[in-house]
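S.K.: Sequence plus predicted model, see below.
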Amino acid sequence: MQNAIKSPVTFTGVGLHTGAPVRMTVRPASADYGIWFKRIDLVSGDPMIPAIWSAVVPSRLCTLVQNASGASVSTIEHIMAALAGCGIHNALIEIDGPEVPILDGSAMPFVEGILGKGVRELSAPLRAFRILEAVEVRDGEAVARIEPSEKMEIDFHIDFADGAIGRQDKSLNMANGAFVRELCDSRTFCRQADVDAMRANGLALGGTLDNAVVVDGDIVVTPGGFRYGDEAVRHKMLDALGDLSLAGAPILGRYTGVRAGHALTNRLLRALFANPEAFRLQEVGEGAHQMLPGIGVHRADIPAWS
C-alpha cells in the first residue's frame with residue numbers, strides 16, 4: 001500500500017547555498033498525489049513544483065526542480081531521501097524560500113521528524129518501476145548504472161585525492177530500514193579549497209562546520225571528524241536514493257554509482273525513461289513490497305547522534 005505522513009511536521013533552518021532562513025512543512029497527501037513542493041512565499045505565478053525527474057534543471061552541487069513558470073526549489077535531495085527511506089509516497093511540502101534547509105547536513109533530522117509523526121497507510125496499491133534492462137550513462141570517469149534486481153540496491157564507489165577521504169566502496173540492500181540505520185545520518189562533505197571557491201562565487205553562504213564535514217588534504221577540519229570511516233560514500237548513497245526517488249515511484253533494481261553526482265543520476269533517469277523496454281511500472285505484491293526502502297522502519301533504528 002501507499003503511505004503518507006500522519007500529521008504535518010515543520011523544519012526550520014538556513015539554505016546551504018543562500019544562507020537565508022527557511023521554514024518548511026511536510027504535510028499529508030492523498031493516494032497517487034506524489035511529492036510536490038509549494039512555494040508559499042511567492043505572490044504571483046504557479047507555486048506548485050513537482051518532485052519528478054523531468055522537472056530537474058542543471059544546478060551546481062545540488063538537485064533543483066523547477067516548474068514551467070520558473071518557480072524552483074533547490075537542495076531537495078536530503079528531504080527526498082528521507083521520504084523514500086521512510087516509505088512516504090505522497091506529500092505536500094510547503095516552503096517559504098527557494099532552498100530546502102540544510103539542518104545538520106544529513107537526512108537524519110528529516111527522518112526524526114517524519115517518524116516522530118508516524119506513517120499512515122493509504123487504501124491504494126503501491127506501484128514500482130521494475131528494471132528489465134541495464135541502462136548506463138557516463139561522464140569521463142564517472143558512471144551511473146541501473147540494472148535488474150529483485151530488490152532495491154545501491155552500490156557506490158568514490159575515490160578522492162584527499163587522504164581524509166580516499167577510496168571508499170559500499171553496497172546496501174535498501175530493504176528493512178537500511179536507509180535509516182545505515183545512511184540517514186551521513187553528512188554533506190566538501191574540501192576546504194572548494195568551500196573557499198564557492199564562497200568567492202556567492203555559494204555555500206549557509207555552510208558551517210555544523211552542517212558539513214570539511215576536509216583539507218589529510219585533515220578533517222570539522223570538529224569531531226567523520227561519524228563513520230566511510231561517511232563520505234554513505235552520504236553519496238543518501239544523495240543517490242534522494243535523486244532516484246524523483247523517478248516518481250520506488251525502483252526495483254540495482255543502482256551503481258562510480259564517482260557519480262546529482263546531474264549524472266538525473267541523466268540516468270532520463271535515459272531509463274527514454275527506453276520503454278528497460279522498465280515496467282507494476283503493482284507491488286507483498287513479496288516485492290518487503291524489498292523496498294521504508295518497510296519495517298522504526299524510530300529506534302535512528303542512530304543516536306547528539
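M.R.: It's in.

S.K.: contacts, neighbours, all on C-alpha from now
M.R.: OK.

S.K.: and His52, what is it in contact with?
M.R.: For residue 52 the amino acid is Ile, not His. Counting by CA atoms under 8 Å, 6 or more residues apart in numbering, Ile52 touches 65, 246-248.

S.K.: give me that answer again for 10 Å
M.R.: 34-36, 65-66, 243-249, 266 (CA atoms under 10 Å, 6 or more residues apart in numbering).

S.K.: Where does the prediction get shaky in the stretch 101-250 of the chain?
M.R.: Within the stretch 101-250 of the chain, the ranges that satisfy pLDDT under 70 run 203-207.

S.K.: what are the ranges of the helices in the stretch 151-300 of the chain?
M.R.: Per DSSP state H, counting those that start in this stretch, the stretch 151-300 of the chain carries helices over the ranges 178, 192-200, 231-244, 262-273, 286-289.

S.K.: how about those helices in TSV, adding distance to Ile158 and mean neighbour count?
M.R.: Below are these laid out as TSV (distance: least, CA to CA, whole Å; neighbours: other CA atoms under 10 Å):
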stretch	distance to Ile158	mean neighbour count
helix 178	20	20
helix 192-200	17	14
helix 231-244	6	27
helix 262-273	14	20
helix 286-289	30	14
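
S.K.: can you list the ones you listed in TSV and add distance to Leu103?
M.R.: Below are the helices of the stretch 151-300 of the chain laid out as TSV (distance: least, CA to CA, whole Å):
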stretch	distance to Leu103
helix 178	22
helix 192-200	18
helix 231-244	15
helix 262-273	19
helix 286-289	31
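
S.K.: Let me know which of those is the nearest to Arg254.
M.R.: The minimum distance between Arg254 and the helices of the stretch 151-300 of the chain falls on helix 231-244, with 11.1 Å, by CA to CA.

S.K.: Helix 262-273 and that closest one, what's the angle between them?
M.R.: Helix 231-244 and helix 262-273 are oriented at 40 degrees to each other (axes from the mean of the first three to the mean of the last three CA atoms, to 10 degrees).

S.K.: Who are the packing partners of helix 231-244?
M.R.: Packing contacts for helix 231-244, counted by 3 or more CA pairs under 10 Å, 6 or more residues apart in numbering; DSSP states H and E, involve helix 77-85, strand 153-159, strand 167-173, strand 189-191, strand 254-258, helix 262-273.

S.K.: Could you pull up the contacting residues of the most centrally placed residue in the chain?
M.R.: Note on the chain: the residue nearest the mean C-alpha position is Gly242, at 2.1 Å, using CA atoms, centre = their mean. Residues in contact with Gly242, defined by CA under 10 Å, 6+ apart, are 63, 76-85, 107, 236, 262.

S.K.: try it again with 8 Å
M.R.: 76-82, 84.

S.K.: ok, of those residues, which one's closest to Leu122?
M.R.: Distances from Leu122 to those, taken as CA to CA, are shortest for Ala84 (15.7 Å).

S.K.: List the residues that contact that closest one.
M.R.: Shown in contact with Ala84 (CA under 8 Å, 6+ apart): 241-242, 245, 250, 293-294.

S.K.: okay, those residues in a markdown table with distance to Phe11 next?
M.R.: Formatted as a markdown table, these follow (distance: CA to CA, whole Å):
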| residue | distance to Phe11 |
| --- | --- |
| Leu241 | 21 |
| Gly242 | 18 |
| Ser245 | 21 |
| Pro250 | 25 |
| Pro293 | 23 |
| Gly294 | 21 |
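
S.K.: from these, which single one is nearest Gly116?
M.R.: Out of the contacts of Ala84, the member with the shortest distance to Gly116 (by CA to CA) is Gly294, at 14.3 Å.

S.K.: Where do the domain boundaries of this structure fall?
M.R.: Domain ranges of the chain: 3-121, 127-298, per automatic domain parsing.

S.K.: Just put these in CSV and tack on distance to Ala304.
M.R.: CSV is the format used below for those (distance: least, CA to CA, whole Å):
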stretch, distance to Ala304
domain 3-121, 10
domain 127-298, 9
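
S.K.: List only buried entries from the contacts of Gly242.
M.R.: 76-82, 84 (16 or more other CA atoms under 10 Å).

S.K.: tell me which of those residues is nearest to Asp139?
M.R.: For these, the nearest to Asp139 is Glu77 (20.6 Å; CA to CA).

S.K.: From what I see, that closest one and Val56 are in contact.
M.R.: No. Under the criterion of CA atoms under 8 Å, Glu77 is not in contact with Val56, lying 11.3 Å apart.

S.K.: Overlap of the contact sets of those two?
M.R.: Thr63.

S.K.: Spit out the contact partners of Pro101.
M.R.: Residues near Pro101 by CA under 8 Å, 6+ apart: 11-16, 21-24.
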